[in-house]
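Engineer: Provided below for reference: sequence and predicted model.
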Amino acid sequence: MTMIHEHDFGTPASNKSEQVSLEIDGTSITVPADTSIMRAASMAGIDIPKLCSTDRLKAFGSCRLCVIQVDGRNGTPSSCTTPVADGMKVVTQSEKLDRLRKGVMELYLSDHPAECATGDECEVHGVAKKIGITTSRYAATTTHLDLAKDESNPYFTFDSTECIVCNRCVRACDEVQGTFALTIENRGFEARVSSSGTSFIESECVSCGACVQACPTGALTEKTLLTIGAPTSSVITTCAYCGVGCSFKAEMRGDKLVRMVPLKDGGANEGHSCVKGRFAYGYATHSDRITKPMIRNAITDPWKEVSWEEAISFAATGLKKIQAESGRNAIGGITSSRCTNEEVFVVQKMVRAAFANNNVDTCARVCHSPTGYGLGQAFGTSAGTQDFESVEHSDVIMLIGANPTSAHPVFASRMKKALRKGAQLIVVDPRVIALVRTPGVVAAHHLQLMPGTNVAVINALAHVIVTEGLAKKDFIDTRCEEKSFKEWEAFISLPENSPETLEASSRVPAEEIRKAARLFASAPNGSIYYGLGVTEHSQGSTMVMGIANLAMVTGNIGRKGVGVNPLRGQNNVQGSCDMGSFPHELPGYRHISNADTRKIFDDKWGVTLDAEPGMRIPNMFDAAIAGDYRGLYVQGEDIAQSDPNTSHVHAALRAMDMVIVQDLFLNETAKFAHVFLPGTSFLEKDGTFTNAERRINRVRPVMKSATGKSEYEVTCDLATAMGYPMSYSSGAEIMDEIAATTPTFAGVSFKKLDEVGSLQWPCNEANPEGTPTMHLETFMRGLGQFNRTPYVATDEKATRKFPLLLTTGRVLSQYNVGAQTRRTANNIWHTEDILDLHESDAQLRGIADGSWVKLSSRVGETIMRARITDEVPAGVVYTTFHFPESGANVITTDFSDWATNCPEYKVTAVEISPSAQGPGAMIETHIDGDVQLASIIRMINQIAANFPVSDAPEVKVAHHIVQFWTPVMIERLHKDVDKSLLSPIAVKALEVMLVTQ
Amino acid sequence: MKIYVPGDSAAISVGADEVAQAIAAKVNGATIIRNGSRGALWLEPMVEIETDKGRTAYGPVSVSDIDSLIAADFMHGGAHPLSLGESEKIEWLASQDRVTFKRVGIIDPLSLADYEAHGGLVGLRRAISINSAEIIEEVTQSGVRGRGGAGFPAGIKWKTVAGAVSDQKYICCNADEGDSGTFADRMLIEGDPFTLIEGMTIAAIAVGATQGIVYLRSEYPYAIKILQKAIDIAHAFGWLGSSILGSNFAFDLKIRVGAGSYVCGEETAMLESIEGKRGVVRAKPPLPALEGLFGKPTVINNVLTLSTIPAVMADGADAYKARGVGRSLGTQVFQLAGNIKRGGIVEKPFGISIEEVVNGYGGGTLTGEPIRAVQIGGPLGAYFGTDKFETSLDYESMLAAGGMLGHGGIVVFDDSVDLAQQARFAMAFCALESCGKCTPCRLGSTRGVETIDLIIQGVKVDENKKLLLDLCEVMTDGSLCAMGGLTPMPVKSAMINFPEDFTGEVSRR
């Protein structure tokens, strides 16, 4: 393996189409207009000496090493700041230029260490050597060589003695990251880089690493570079944190990972990174990693390390026994959005082929399942419509229920760049998230709604657009279904959807809604970005359809700068959904009931697939408590911590006879497991991740597997032990099977990915190079479908007993349940979950800033520290769920999305009170009654509310239920539900279902 | 009875306020007008009485002179040792050719009626009546060049801005007058602020700008106050605002106060400062005319350039370009300072010699010792000895002589000056004021100070002189802006014109 060097052209590429021809040192070259002379020279193979310029940043012109001469022009301008001109003749080498460069370098050397700690990493000495000078004639009595190092950041040092004040770090912080944490202090000789007058750790710095990346010297250096030494080889791979999917060069020295360097050619990140991907990879080699398989007979027994063979055989025996006793549907599996497409594909294959049922679900159930449903209904497929770069072409951006500066930082930087260039922002969020007002960004509108009222706001926005005549008729006429539009138009125009009517629910002033609606409708390019604040609601699917309606009614689909874009939480949540992780869908979002699709797999796998949808995660839990579901294989997901209503989940897990956990660590779920199969970190995997823009990126093994096996191998071993032989020689072979069976992936192979870097699906004969923007001429489903989106308030309401609404989110430095980030130095920023509340709510309850509070809901209570802030309005409280100690999900309820069962994490009625002590035992309240039955009733009533009375809604409701519900749920619906609790349409739907059966 | 006591800062610094108070207390029925200074600074405070025969002047007047002036019936032009006779006939002033400074010292700076009575607003009214291209043509034809120091033709700059397509354009007036020995911008603003406002309004109409900003240094508190009052008056009059003098043009004007940085007088650093950022120089291109303030097309002109425009528009290009020599047309407002007997404002057509200004108007040194050197064009200008006194003061001749005209400041030194120390001062000044962006200026200025110190101390003199000259080349040809680029000018001119001060031996005195 060798080091991968990305060439630095000195200044960014020009986006001009006009071409200009010039001569540089006698070489003719044609480049786009506005290209700098430096870049043009670099393209011609002539590298002009430089220190302050890099092609990731706008030209700055400060180092003065890149001076050149131009025929017919006076002086020696800097080539980085001088654009090319037609017919120009440039000289980059002459006696005069040589003298100037040496003179400048002499000045640098007069205030720079003779030897740098990072050796060749420091470009000063490299460039000096290149221009032929190694010492300075100056006596230099005044220098900066005795300045102290700032070692406060856990990941990098700032050594001002090596700093040449080129401003690259400051500019990277401004232009690339958009945080503006760095500046130059003082002027002239005293000008020094400063983290704004304080240490790095105390500054606004978000440790994205852009400054370290930009620094040409050893002034800003990864600490690992100093402790491990210079890297000797590198491998391009993909980050395993959020759904942005940044490409990195993993730089190695021997078998040690020295650092992760963001890849300039990475389609998703274009050379940028965040603190997690750039620095927080230490968990992969953390001593908590389990690398040997373990088994035990009962969860009260201690673990016993065993061989792979014994563990697999123990697990298979257990599962087979359950199936023999309770039927083949009594076991199932959960795939992971953290694993590769190949690993996920293999797990769902094992469930469908070896377990012989469709009881496979994925952690996407608890995050973006409504996206799949809603976008599937409206557009015909479950995916964001754009690539990330698209946002830079937007004029108005609507951001709903997402906090990208914390959860999708690299995308947030792109968005901030667009906003600094003049795009306007509409934020829809109960909280004052950073993007409402941050350096360089002020949102045009912040629609600060109450949690649970998204649909009220999206309807009110659409109502204004339709009733004020702002709809894009041309687009609707040519691209959308006329009938669905007419129905929707009539529905959305009803006074019940006016901002004035809905103000009472959402608490967003009607006038503010009207202004925001007009702004969005007036944008040449309007785009919508959303996160889990949209999906994790009882009306999550309704809201996704409402978003799709808004995009279609304003004509914002099918080109750059527009679109509907879910920001995916996990690295491979898109991919795990694509790979057929849902109980009702085969890879490529094809329904299991479709015989043609099944035949493809039946033929390939030599089995006969079950045509009925299997169980969703909540169904599995309910069935487990009922004793009907007894064995579970769960890969890379900590359901015991991350799923809502923890007590219910724990009860379900305890009820099972064979829980197999495959993970890096003994997580919370492992406490209920009988078999622990050690997993591999992303640094050991060979496969692909698919990010939120449908971009399939390669994950390449950087080091060998710590367990001796790849994860798909283990899955195959288990399937084989279950009696269905499976084996693959490589990730590439699995991808070939995916491509052979899944039309949207038909053109994907590791070979192709290695050639082009990445591909955005659909990638097939029609789009051999992938699809950056979807639905260009027509929608995947043909014409776009408008869907009725009646606003139904959630049952989770603030009451006298629980008067506050809790909503949850993430911080920048921690990730989800913290399994990775809590095992890194990221803890320095965020060491516990904190409850945010408004001053008035705090005063009312006598709660002081920083004190312990008890947080209780109708299902449980927990204790955490309070922070008084105006980032939440009165009546709303907020916390994160990164730490098991605080157990935020102990109090979240089992309410869920009507269409997909995605939990309603974002709204929980709570009360808080001062607490004398810190966190102790979490109290889980047992809920009386039949939980499953209650949710069945709630769901069918909501489904019924979604279809217009005029158009035989009962047929649609019946169709929905047959398509998505498990047979057990349908059976209970018919048998156990008190019909008087159902809406008239729901009752009719039941009749339809009986007839069609 | 009108009595004029200048409210100009220079006059105030020598007691004008106290004089005005004393006259108000002791002379019944006196209407005291705080006019600008006529520029004969050695006569300040110069008190003028409006008599039947016109204005009669006395100066320099101190509070202790008031009683004797009253006794001499100065209210009616009575004779007194401080009597200067009729103001208009004071030779030092009468022999000048005042165009830009035409009204300074004569009118009440904040009286619009007075302004109009002395020819104000004629140029603007004409500009409103003709089209943009005609205005720009008139300015181009007049030959007016940038008075900030670079001497770039104003008409061409305006044409570039006028031709740029943008939703917003700006007129920025550079009033960050930081050169040592210069004060014309301040005196113009304090003595005739409406002229600047009129010039900026004409520029706005010509290029299609609607917002003007005057970047005025915080060291000029009186100028800030007076200009703000003048802006308020112009607003109330319907001159500034949504309809300029009832026309379809709109123009607003704001003052942005600088925070005390020399380099913010460099036009791109000034833009950064106005935008609220650190005063750091931008690389050009892009030219501010195309991407200036907040990235929009921007006219940046000096106070004197803009204040000359009303006269050009009122009297026509021909009248203006009839003055001057070669490509340096019109008049230059010279500012005489340093060790000088008669310091102040000398406005004369380009082409007058150094001798005529320094010895003619200036009358030699204040100390009476022989002149050894003059520095022309501010702290970055060249040091000349008297052997160069026949040089014509115009852009081209000064360049040919190894110097520059700059903003027109002339600082005089007698024979006690040590030019090695002056060269050191140039580097030290650069080290103090450099924005710190480009390497030659940021590091070179400090290395320059150290190297000159070694020469002064007699350490490896020849080697260090060579190093200093090498450094001068790097700074001249390598610096990003004129700050670092021109710092070598005083250094090298001192070395070339006064080599005897750079021998490393103890000073000859």
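Structural biologist: Perfect, thanks for sending it.
Engineer: dump the residue contacts of the residue of the stretch 401-509 of chain B found nearest chain A.
Structural biologist: Chain A sits closest to B:G436 of the stretch 401-509 of chain B, with a gap of 2.9 Å, by CB to the nearest CB. The way it works is simple: take the backbone N, C-alpha and C, and place the C-beta from them, glycine included. Counting by CB atoms under 8 Å, 6 or more residues apart in numbering or on different chains, B:G436 touches A:V165, A:I184, A:N186, A:R187, A:G188, A:F189, A:E190, A:A191, B:V280, B:R442.
Engineer: Make sure B:L124 is actually in contact with B:S247.
Structural biologist: No - using CB atoms under 8 Å, B:L124 is not in contact with B:S247, being 9.6 Å away.
Engineer: pLDDT value on the spatially closest residue to A:S326 that is not a sequence neighbour, please?
Structural biologist: In space, and not counting its chain neighbours, A:S326 is closest to A:R630: 5.8 Å by CB to CB, 6 or more residues apart in numbering or on different chains. At A:R630, the model reports a pLDDT of 97.
Engineer: Repeat that for A:V977.
Structural biologist: So, for A:V977, pLDDT stands at 86.
Engineer: And for it, the neighbour number?
Structural biologist: 17 (other CB atoms under 10 Å in any protein chain shown).
Engineer: quick one: it from chain B, how far?
Structural biologist: 63 Å (CB to the nearest CB, to the nearest Å).
Engineer: still on that earlier bit, so which of B:L124 and B:S247 has more stuff around it?
Structural biologist: Neighbours were counted for B:L124 and for B:S247 using other CB under 10 Å; B:L124 has more, 25 against 14.
Engineer: who's in contact with the more buried one?
Structural biologist: Applying CB under 8 Å, 6+ apart, the residues near B:L124 are B:E198, B:T201, B:I202, B:W239, B:I244, B:L245, B:P310, B:M313.
Engineer: my read: the fourth one touches B:L245, true?
Structural biologist: Yes - taking contact to mean CB under 8 Å, the distance of 5.8 Å between B:W239 and B:L245 places them in contact.
Engineer: Next, show the common contact partners of those two.
Structural biologist: With CB under 8 Å, 6+ apart as the test, B:W239 and B:L245 both reach B:L121, B:L124.
Engineer: And the two? Which one has more around it.
Structural biologist: Between B:W239 and B:L245, counted using other CB under 10 Å, the more crowded position is B:W239 (22 against 16).
Engineer: tell me which helix or strand of chain A sits lowest on mean pLDDT?
Structural biologist: strand A:923-924 (a mean of 54; mean pLDDT, DSSP states H and E).
Engineer: re the thing from before, so the residue of the stretch 401-509 of chain B closest to chain A is in which element?
Structural biologist: Assessed by DSSP states H and E, B:G436 sits outside every helix and strand.
Engineer: Let me know the pLDDT of the residue of chain A found nearest chain B.
Structural biologist: Closest to chain B within chain A is A:A191: 2.9 Å, counting by CB to the nearest CB. A:A191 is assigned a predicted lDDT (pLDDT) of 95.
Engineer: where's it relative to A:E185, distance?
Structural biologist: 7 Å (CB to CB, to the nearest Å).
Engineer: A:I37 too?
Structural biologist: A:I37 is 32 Å from A:E185, where distance means CB to CB.
Engineer: So these two - more neighbours on which side?
Structural biologist: Neighbour count, other CB under 10 Å: between A:I37 and A:E185, A:I37 has more, with 29 against 15.
Engineer: For the closest residue to that one other than its chain neighbours, grab the count of nearby residues.
Structural biologist: Once flanking residues are discounted, A:I37 sits nearest to A:S79: 4.0 Å by CB to CB, 6+ apart. Close neighbours of A:S79, defined as other CB under 10 Å, add up to 33.
Engineer: Let me know whether A:S79 touches A:I46 as I believe.
Structural biologist: No - contact criterion CB under 8 Å: A:S79 and A:I46 do not qualify, at 9.9 Å.
Engineer: domains in chain A, as residue ranges please.
Structural biologist: Following automatic domain parsing, chain A resolves into domains at A:19-93, A:149-285, A:294-367+A:573-760, A:369-566, A:804-924, A:931-996.
Engineer: what residues does the strand or helix carrying B:I23 touch?
Structural biologist: Per DSSP H and E: B:I23 is located in helix B:16-26. With contact meaning CB under 8 Å, 6+ apart, helix B:16-26 is reached by B:3, B:5-8, B:30, B:32, B:34, B:44-45, B:47, B:61-63, B:66-67, B:70.
Engineer: Show the contacting residues for the residue nearest to A:I37.
Structural biologist: Counting by CB under 8 Å, 6+ apart, A:S79 has contacts A:G10, A:S36, A:I37, A:M38, A:A41, A:I48, A:C66, A:V67, A:I68, A:V90, A:T92.
Engineer: Equivalent analysis for A:T807, please.
Structural biologist: Contacts of A:T807 (CB under 8 Å, 6+ apart): A:P430, A:R431, A:P451, A:G533, A:V876, A:V877, A:Y878, A:K906, A:V907, A:T908.
Engineer: before we move on, what about A:V661?
Structural biologist: With CB under 8 Å, 6+ apart, A:V661 has these contacts: A:V634, A:N667, A:T669, A:A670, A:A673, A:V675, A:F676, A:L677.
Engineer: nearest residue to residue 351 other than its sequence neighbours?
Structural biologist: Here I'm looking at chain A. A:V360 is the one closest to A:V351 (CB to CB, 6+ apart), at 4.0 Å.
Engineer: Chain B was what I was after
Structural biologist: B:G351 sits nearest to B:V325 (CB to CB, 6+ apart), 3.7 Å away.
Engineer: For that neighbour, name its beta-bridge partners.
Structural biologist: B:V325 has the following beta-bridge partners by DSSP bridges: B:S328.
Engineer: looking at it, it is touching B:D394, isn't it?
Structural biologist: Yes - between B:V325 and B:D394 there is a contact under CB under 8 Å: 5.3 Å.
Engineer: ok, the nearest residue to A:I334 once chain neighbours are set aside - contacts?
Structural biologist: Computed as CB to CB, 6+ apart, the closest residue to A:I334 that is not its neighbour in sequence is A:V634, at 4.4 Å. The contact partners of A:V634, taken as CB under 8 Å, 6+ apart, are A:G333, A:I334, A:V659, A:I660, A:V661, A:Q662, A:T669.
Engineer: May I have the strands that pair with whatever helix or strand A:V634 lives in, each with its orientation?
Structural biologist: Using DSSP H and E, A:V634 sits in strand A:631-635. Here strand A:631-635 is paired, per DSSP bridges, with strand A:331-335 (parallel), strand A:658-663 (parallel).
Engineer: what about A:P790, which helix or strand?
Structural biologist: Here A:P790 is assigned to no helix or strand, by DSSP H and E.
Engineer: Also A:H446?
Structural biologist: With DSSP H and E as criterion, A:H446 is part of strand A:445-447.
Engineer: Partner strands of that strand, with direction?
Structural biologist: strand A:424-428 (parallel).
Engineer: who's in contact with the strand it pairs with?
Structural biologist: In contact with strand A:424-428 (CB under 8 Å, 6+ apart) are residues A:395-401, A:419, A:433, A:435-436, A:441, A:443-447, A:449, A:454, A:457, A:516, A:519-520, A:523.
Engineer: OK, contacts around residue 232?
Structural biologist: All of this is about chain A. Here A:T232 is in contact with A:M3, A:M252, A:R253, A:G254 (CB under 8 Å, 6+ apart).
Engineer: Excluding covalently adjacent residues, which one is nearest to A:P678?
Structural biologist: A:T707 is the one closest to A:P678 (CB to CB, 6+ apart), at 4.4 Å.
Engineer: can you tell me the helix or strand for the one you found?
Structural biologist: Judged by DSSP H and E, A:T707 forms part of no helix or strand.
Engineer: what's the longest strand in the chain?
Structural biologist: Looking at chain A here, since you left the chain open. Of all segments of type strand in chain A, defined using DSSP state E, the longest is strand A:860-868.
Engineer: look at chain B instead
Structural biologist: Max-length strand for chain B by DSSP E is strand B:331-338.
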